[in-house]
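K.L.:
Model the structure of this input:
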Amino acid sequence: MTLVNKTATELQSLLHSREVSVKELTQDTLDHIKKVDGKVQAFLTVTEEEALAKADQLDNNPTDNRGPLFGLPVGIKDNIVTKGIKTTGASKMLEEFVPVYDATAVEKLDAAGMVSVGKLNMDEFAMGSTTERSAFQKTRNPWNLDCVPGGSSGGSAAAVAAGEVLFSLGSDTGGSVRQPAAFCGVVGMKPTYGRVSRSGLIAFASSLDQIGPITRTVEDNALLLGAISGVDYRDSSSSSEAVPDFKAALTGDIKGLKVAVPKEYLGEGVSEEVKTAVREAIQVLESLGAEWEEVSLPNSKYASATYYVIACSEASSNLSRFDGIRFGYRPEGVKNLDELYLRSRGEGFGHEVIKRNLFGAYALSADHHEELYVQAQRVRTLIAQDFASLFEKYDVIVGPTSATPAYEIGGIVKDPLTLYANDVLTVPINLAGIPAISVPCGFSEGLPIGLQIIGKHFDEATLYKVAHAYEQATDFHKRTPAIGEGTN
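P.N.:
All right, here's what the predicted structure looks like:
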C-alpha cells in the first residue's frame with residue numbers, strides 16, 4: 001500500500017473495516033518517507049517513535065468514535081509549534097528550540113485523531129519562495145529534483161506530492177501555501193484571515209500570516225480545513241464566524257456561477273504556457289455552466305511595494321524577541337550586552353531575514369513611518385476595496401497561481417516583469433485577508449501549473465465547490481510524480 005494513490009475516504013474505509021490498522025498505516029508512511037525523503041528532503045524532523053506510539057493508542061478507539069481524519073498521517077510546517085518536538089522555523093536561531101505547548105491547529109489535528117509524523121522544511125522564518133533559504137537543507141520538487149518546490153511551505157507541498165504524507169499544514173503570508181502547491185501539483189488553501197487560529201504559529205507578519213492545508217485532492221483539503229478552523233481565545237484575531245461543513249459544498253454544480261478574470265492576471269510577465277493552461281481551465285468552468293468576464297483590479301500594481309513594506313515592518317517587530325537572552329541562538333564568549341545582541345542576531349539569522357529586518361526597522365523609524373508604513377496601509381485599503389467591488393457582482397475570481405512553473409534550484413528569476421507578476425498574483429489576497437485556493441490545471445515540460453480561485457471573506461465553501469467541480473472534470477490531480485511511486 002502507498003499513500004500517493006489513495007484519498008482520505010479510501011483510507012478511512014480500510015481503517016473502519018480494520019483491514020488496515022492505524023499502526024500499519026503509520027508504519028507504511030514512515031517507510032515511504034525513509035524511501036524517498038533522502039531525495040526530496042521535505043522533512044527536518046521525523047517523529048517515528050511518537051507517531052507509532054500515537055497509532056497504538058488510536059487503534060484501541062472504537063470504530064464508532066472515529067471521524068473522517070482519524071488515524072491519517074499529517075506533516076507540520078516547522079514554524080508551527082509542537083509540544084516536546086523541535087520547532088526551528090528552519091533557522092539557526094531556533095535550531096535547538098523545543099516548545100512546551102502545541103499550536104491550536106496542532107491540538108485540533110490531535111483531537112481529530114490524526115497522526116503527526118514530523119516537521120517540514122521551509123524558508124527561514126517563512127521568508128522566501130523556493131525553500132532554498134532554509135538554514136539546514138534545500139527541499140527539491142518531486143516532479144523534477146533539479147527544480148525548487150516553491151516556498152516558503154515547500155517542504156509541506158513536496159511531502160504531499162511525493163506521497164510521504166496525505167496531508168500537511170503550511171503557512172501563507174504572501175502566497176506561501178498556494179505557490180508551492182502550484183509548483184508541486186497539489187491543492188493548497190489560504191483561508192480567510194482569522195478562519196484558523198495563529199496561536200502557536202511563529203509570526204512573520206501578523207496581519208498577513210494564515211495557516212492553511214495542503215493535500216492531494218480538494219475533498220481532502222476541505223476535510224482538513226474544517227478540522228483546524230474556528231475561534232480561539234488564545235488568538236484575538238481569530239474569528240467567531242461559524243465553520244460550515246466544507247465537504248457538503250462539493251456538489252459539482254456551478255451552473256450560473258459568475259467568474260471574474262482580471263486582465264492583470266494574464267498580462268506581461270506570465271509565461272505563455274501558464275496563460276494557455278489557465279484559459280483552458282476557464283473554458284472547462286464555462287462548459288460546467290459558469291459565466292466569466294474579463295475585469296480589472298487597478299490597484300494590484302501597487303501590491304508588491306505595499307506587501308514588502310507591511311510584511312518587513314511586522315517581521316522586524318516580531319523577530320525582535322530573538323535576542324540571544326531568553327531563548328534562541330546564543331554565541332559563546334561574548335564580552336558585553338552589545339556584542340551579545342550583534343552576534344546572536346548576526347549569526348543566528350540568515351541573509352534574507354537580516355535584510356528584511358533592516359528594511360522593516362527603517363520603514364518603522366520615526367523619519368519614515370508616515371511615508372512608508374502608514375502609506376502602505378492606506379494603499380492596502382484600496383486593494384481590499386478593489387476585491388470588494390468585484391465581489392458585489394462576481395462569485396469568484398480566477399487566474400494563475402504563479403507566473404511560471406517551477407524553475408531550477410539556484411536559478412534566479414531575473415525578468416522583472418515575471419517577479420512583478422508573481423507578486424500581483426498572490427500577495428493582494430493576503431493584504432485583503434480573503435481566501436484563495438490553488439489546484440493543478442496543467443503541465444509544462446513535466447512540471448505542474450496551478451489555477452488560483454479567489455473568494456469572498458469566509459466563503460471557502462464556494463472555492464471548494466468550484467475547485468472540486470473543476471478537479472472532477474479534469475485528470476491533473478490524478479497524475480503523480482514517479483518519485484511518489486518510489487520508482488526513481
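K.L.:
Which residues does the helix or strand hosting Gln12 contact?
P.N.:
If you go by DSSP states H and E, Gln12 is part of helix 8-16. Identification of contacts with helix 8-16 by Cβ atoms under 8 Å, 6 or more residues apart in numbering yields 3, 20-22, 25, 63, 66, 68-72, 166-167, 219-220, 223. C-betas here are computed from N, CA, C, even on glycine.
K.L.:
repeat that with 7 Å
P.N.:
20, 22, 25, 63, 66, 68-72, 166, 220, 223 (Cβ atoms under 7 Å, 6 or more residues apart in numbering).
K.L.:
In strands, which of those fall?
P.N.:
With DSSP state E as the criterion, strands contain none of these.
K.L.:
Could you dump those residues into CSV with neighbour count and distance to Lys275 added?
P.N.:
As requested, the contacts of helix 8-16 are arranged in CSV below (neighbours: other Cβ atoms under 10 Å; distance: Cβ to Cβ, whole Å):
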residue, neighbour count, distance to Lys275
Val20, 16, 44
Val22, 26, 45
Leu25, 24, 41
Thr63, 10, 49
Arg66, 17, 45
Pro68, 18, 37
Leu69, 24, 37
Phe70, 20, 42
Gly71, 27, 42
Leu72, 27, 37
Leu166, 27, 32
Asp220, 25, 29
Leu223, 25, 32
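K.L.:
tell me which element Arg18 falls in.
P.N.:
In the assignment (DSSP H and E), Arg18 maps to no helix and no strand.
K.L.:
Let me see the backbone angles for it.
P.N.:
phi 60, psi 20 (degrees, to the nearest 10).
K.L.:
Could you count how many residues lie near it?
P.N.:
Close neighbours of Arg18, defined as other Cβ atoms under 10 Å, add up to 10.
K.L.:
same check, this time on the one 5 residues further on
P.N.:
The burial count assigned to Lys23 is 19, neighbours taken as other Cβ under 10 Å.
K.L.:
my read: it touches Asp59, true?
P.N.:
Yes. Between Lys23 and Asp59 a contact is recorded at 5.8 Å, counting by Cβ atoms under 7 Å.
K.L.:
List the buried residues in stretch 251-268.
P.N.:
Neighbour counts using 16 or more other Cβ atoms under 10 Å place 254, 257, 259-262, 264-266 of stretch 251-268 among the buried residues.
K.L.:
now swap in stretch 278-291 and tell me
P.N.:
Neighbour count says stretch 278-291 has 278, 281-282, 285, 288, 290 buried, by 16+ other Cβ under 10 Å.
K.L.:
ok, so of those, who is nearest Lys247?
P.N.:
Leu288 (19.3 Å; Cβ to Cβ).
K.L.:
coming back round to it: what about the helix holding Gln12, average pLDDT?
P.N.:
The pLDDT scores in helix 8-16 average 90.
K.L.:
cool, stretch 341-351 as well?
P.N.:
94.
K.L.:
try stretch 198-209
P.N.:
98.
K.L.:
mind listing what's buried in that stretch?
P.N.:
198-205, 207-209.
K.L.:
what are the ranges of the helices in the protein?
P.N.:
In order along the chain, the chain carries the following helices (DSSP state H): 8-16, 22-40, 48-58, 104-111, 154-161, 178-184, 218-228, 272-287, 303-318, 337-348, 351-364, 375-391, 416-432, 460-473.
K.L.:
now those helices in a markdown table, with distance to Trp143?
P.N.:
Formatted as a markdown table, those follow (distance: least, Cβ to Cβ, whole Å):
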| stretch | distance to Trp143 |
| --- | --- |
| helix 8-16 | 23 |
| helix 22-40 | 11 |
| helix 48-58 | 27 |
| helix 104-111 | 27 |
| helix 154-161 | 7 |
| helix 178-184 | 7 |
| helix 218-228 | 19 |
| helix 272-287 | 15 |
| helix 303-318 | 28 |
| helix 337-348 | 34 |
| helix 351-364 | 25 |
| helix 375-391 | 32 |
| helix 416-432 | 19 |
| helix 460-473 | 18 |
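K.L.:
neighbours around Thr462, how many?
P.N.:
Quick note: Thr462 (other Cβ under 10 Å) scores 17 neighbours.
K.L.:
what's the answer for Thr139, then?
P.N.:
Thr139: 34 neighbours (other Cβ under 10 Å).
K.L.:
repeat for Ala8
P.N.:
23.
K.L.:
Next one, pLDDT for the residue of the chain most remote from its centre please.
P.N.:
Farthest-out residue of the chain from its mean C-alpha position, per Cα atoms, centre = their mean: Lys335, at 41.6 Å. Looking at Lys335, its pLDDT is 92.
K.L.:
List phi and psi for it.
P.N.:
Here is the backbone geometry of Lys335 (degrees, to the nearest 10): phi -100, psi -20.
K.L.:
What spatial separation is found between it and Gly328?
P.N.:
19 Å (Cβ to Cβ, to the nearest Å).
K.L.:
Make TSV out of the contacts of helix 8-16 and add pLDDT.
P.N.:
Below are these laid out as TSV (pLDDT from 0 to 100):
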residue	pLDDT
Val20	92
Val22	95
Leu25	95
Thr63	80
Arg66	87
Pro68	92
Leu69	95
Phe70	95
Gly71	95
Leu72	96
Leu166	94
Asp220	97
Leu223	97
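K.L.:
quick one: which two of the residues you listed are the most distant?
P.N.:
Of all pairs in these, the most separated under Cβ to Cβ is Thr63 and Asp220 at 20.8 Å.
K.L.:
Next, the contact list for the residue nearest to Ala248 when sequence neighbours are not counted, please.
P.N.:
Distances taken as Cβ to Cβ, 6 or more residues apart in numbering put Ala461 closest to Ala248, at 7.9 Å, once the chain neighbours are dropped. Ala461 makes contact with 244, 246, 249, according to Cβ under 7 Å, 6+ apart.
K.L.:
Neighbour-wise, give me the winner out of those residues.
P.N.:
Counting by other Cβ under 10 Å, top hit in the contacts of Ala461: Phe246 with 24 neighbours.
K.L.:
can you count the residues close to the closest residue to Val259 other than its chain neighbours?
P.N.:
Among residues not flanking Val259 along the chain, Trp292 sits closest, at 3.9 Å (Cβ to Cβ, 6+ apart). Residue neighbour count, defined by other Cβ under 10 Å, stands at 17 for Trp292.
K.L.:
Hmm, Trp292 is touching Leu257, no?
P.N.:
No. Taking Cβ under 7 Å as the definition, Trp292 is not a contact partner of Leu257, at 9.0 Å.
K.L.:
which neighbours do these two share?
P.N.:
Going by Cβ under 7 Å, 6+ apart, no residue sits against Trp292 while also sitting against Leu257.
K.L.:
residue nearest the centroid of this protein?
P.N.:
Val177 (2.0 Å).
K.L.:
what residues are up against that one?
P.N.:
Counted by Cβ under 7 Å, 6+ apart, Val177 has contacts 153, 170-171, 188-190, 212, 214.
K.L.:
what does Lys465 give?
P.N.:
Per Cβ under 7 Å, 6+ apart, neighbours of Lys465: 249-251, 254.
K.L.:
Let's see that with 6 Å instead.
P.N.:
Each residue near Lys465 by Cβ atoms under 6 Å, 6 or more residues apart in numbering is listed here: Ala249.
K.L.:
pLDDT value on it, please?
P.N.:
98.
K.L.:
What distance do you get for it to Tyr420?
P.N.:
For Lys465, the distance to Tyr420 (Cβ to Cβ) stands at 31 Å.
K.L.:
Then Ala159?
P.N.:
Counting by Cβ to Cβ, the gap from Ala159 to Tyr420 is 30 Å.
K.L.:
Looking at these two now, which is surrounded by more residues?
P.N.:
Between Ala159 and Tyr420, Ala159 has the larger neighbour count (other Cβ under 10 Å), namely 36 against 17.
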